[in-house]
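Engineer: return atomic coordinates for the entry below.
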Amino acid sequence: MINVKNESYKIILIDTCIVSEMLKRKGNLSKNIFSKILDHRYPCFSFDTIIELKRAPKVYEEFIDVFSFLPAFILKNSVLLIEEEILNYGNPKVIDPVITILHRNPKKAENFDVKAFLNSHLTKEYLEKNQEEYKMALESMLDLRNGYPPKNGNYTLKEIEEFVELVTYKQLVVRDKSWCQDMLNKKKTIYAEKFPSIQIMCYLAFYKFYINNRKPKLSDVTDLLIATSYPYIDEVITEKNQSEMVRQIQKKHKFCNNLTTYTIKDFI
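Structural biologist: Numbering: from 1, shown residues only. You can find the predicted model right below:
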């Protein structure tokens with residue numbers, strides 16, 4: 001939830017695939033989704049969604065033209081969220097998932113130039129580097145899948161949760177080894193559950209590639225990175241498969257129960 005002028009509003013994330021469908025199909029789909037998100041909600045978009053849209057210039061331009069006139073937010077990426085979880089270890093309530101506003105008010109003379117701001121970050125060099133990082137992350141997922149077989153044919157809930165815990169610790173060491181070392185030196189316990197942005201990513205990766213035995217694609221990396229914001233938002237409109245996995249995780253592991261998921265079917 002976000003408070004604006006003493007009123008509470010839900011934060012609803014619109015996933016990349018939904019943005020594309022809204023721009024392509026328009027009509028009743030867009031109308032119904034806009035009716036939902038304008039009902040005491042603030043729509044938001046992952047920075048990773050904007051990166052993906054930037055690779056399709058025509059869609060990206062239309063996205064800016066349509067959505068920058070709404071009161072909407074851009075969310076922090078996985079790197080920033082995990083950095084904040086480390087910085088505020090043990091106090092997740094202080095973490096704000098929003099990085100900036102995606103909005104220009106035509107009535108004001110001084111407007112925030114959304115396109116200039118995004119283009120200054122999304123340079124050709126940045127996009128190329130980002131693509132390479134996605135490929136490395138994909139290879140890492142494949143390595144993990146081959147190294148964690150179930151003990152008795154099917155994974156138990158305990159095995160899944162142990163996997164999530166182990167990979168969370170591994171991610172922490174990769175991202176901030178000095179912090180982990182400092183915690184160990186001070187003999188302070190590091191609790192994996194204090195890093196929900198990493199854990200939701202791990203749960204989804206497990207259900208995608210271990211339970212469903214899906215062959216990883218580059219777009220899967222984007223889906224997982226976008227999901228790191230789930231613990232800090234209220235609702236998400238996403239693809240059917242992603243929604244079903246989130247609901248399984250909520251039901252079986254009692255995790256991320258603050259989140260409500262929607263799919264395109266809910267708006268047709």
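
Engineer: how about the most centrally placed residue in the chain: what's its closest non-neighbour residue?
Structural biologist: Geometric centre of the chain, nearest residue: I226, 2.2 Å, by CA atoms, centre = their mean. Distances taken as CB to CB, 6 or more residues apart in numbering put S46 closest to I226, at 4.2 Å, once the chain neighbours are dropped. For glycine as for every other residue, the C-beta is placed from the backbone atoms N, C-alpha and C.

Engineer: just list whatever residues bridge to that neighbour.
Structural biologist: L75 (DSSP bridges).

Engineer: Y262 too?
Structural biologist: With DSSP bridges as the criterion, the beta-bridge partners of Y262 are I237.

Engineer: I'd say it and V246 touch.
Structural biologist: No. Under the contact definition of CB atoms under 8 Å, Y262 does not touch V246, with a separation of 10.8 Å.

Engineer: of the two, who's got more company?
Structural biologist: For Y262 against V246, the residue with the higher neighbour count under other CB atoms under 10 Å is V246, and the figures read 23 against 18.

Engineer: circling back: from memory the residue nearest to I226 sits against L13, does it?
Structural biologist: Yes. Between S46 and L13 there is a contact at 6.8 Å, judged by CB under 8 Å.

Engineer: spit out the residues that contact the two alike.
Structural biologist: In terms of CB atoms under 8 Å, 6 or more residues apart in numbering, S46 and L13 are both contacted by the residues 75, 226, 229.

Engineer: which residue ranges of the stretch 101-250 of the chain form helices?
Structural biologist: 114-121, 124-146, 157-175, 177-185, 196-206, 218-227, 240-253 (DSSP state H, counting those that start in this stretch).

Engineer: could you export these as TSV, including distance to I233?
Structural biologist: Listed next are those as TSV, based on distance: least, CB to CB, whole Å:
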stretch	distance to I233
helix 114-121	20
helix 124-146	22
helix 157-175	20
helix 177-185	25
helix 196-206	11
helix 218-227	10
helix 240-253	12
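
Engineer: what's the burial count for K215?
Structural biologist: That count, for K215 with other CB under 10 Å as the rule, works out to 9.

Engineer: try F67
Structural biologist: For F67, the number of neighbouring residues by other CB under 10 Å comes to 18.

Engineer: find the nearest non-adjacent residue to it, please.
Structural biologist: L102 (6.2 Å).

Engineer: mind listing the residues bridging to the one you found?
Structural biologist: Taking DSSP bridges, one obtains A72 as the residues bridged to L102.

Engineer: hmm, S46 and it touching each other?
Structural biologist: No. Under the criterion of CB under 8 Å, L102 lies out of contact with S46, with a separation of 11.3 Å.

Engineer: hey, which helix or strand in this protein has the poorest pLDDT?
Structural biologist: Lowest mean confidence among the helices and strands of the chain (mean pLDDT, DSSP states H and E): helix 124-146, at a mean of 71.

Engineer: for C256, which three-state class applies?
Structural biologist: Secondary structure assignment for C256 (DSSP: H, G, I helix; E, B strand; the rest coil): coil.

Engineer: what pLDDT is listed against it?
Structural biologist: The predicted local confidence for C256 comes out at a pLDDT of 95.

Engineer: enumerate every residue touching it.
Structural biologist: Under the contact definition (CB under 8 Å, 6+ apart), the residues listed for C256 are 196, 200, 230-231, 246, 249-250.

Engineer: now do the buried residues in the helix or strand hosting L80.
Structural biologist: In this structure, L80 sits in helix 78-87 according to DSSP states H and E. Along helix 78-87, these residues count as buried under the neighbour rule (16 or more other CB atoms under 10 Å): 78, 80-82, 84-86.

Engineer: between Y262 and V246, what contacts are shared?
Structural biologist: Residues touching both Y262 and V246 (CB under 8 Å, 6+ apart) are 236, 238.

Engineer: report the contact partners of the closest residue to E165 other than its chain neighbours.
Structural biologist: Spatial nearest neighbour of E165, chain neighbours left out: A192 (4.5 Å); criterion: CB to CB, 6+ apart. If you count contacts by CB under 8 Å, 6+ apart, A192 has them with 164-165, 168-169, 198-199.
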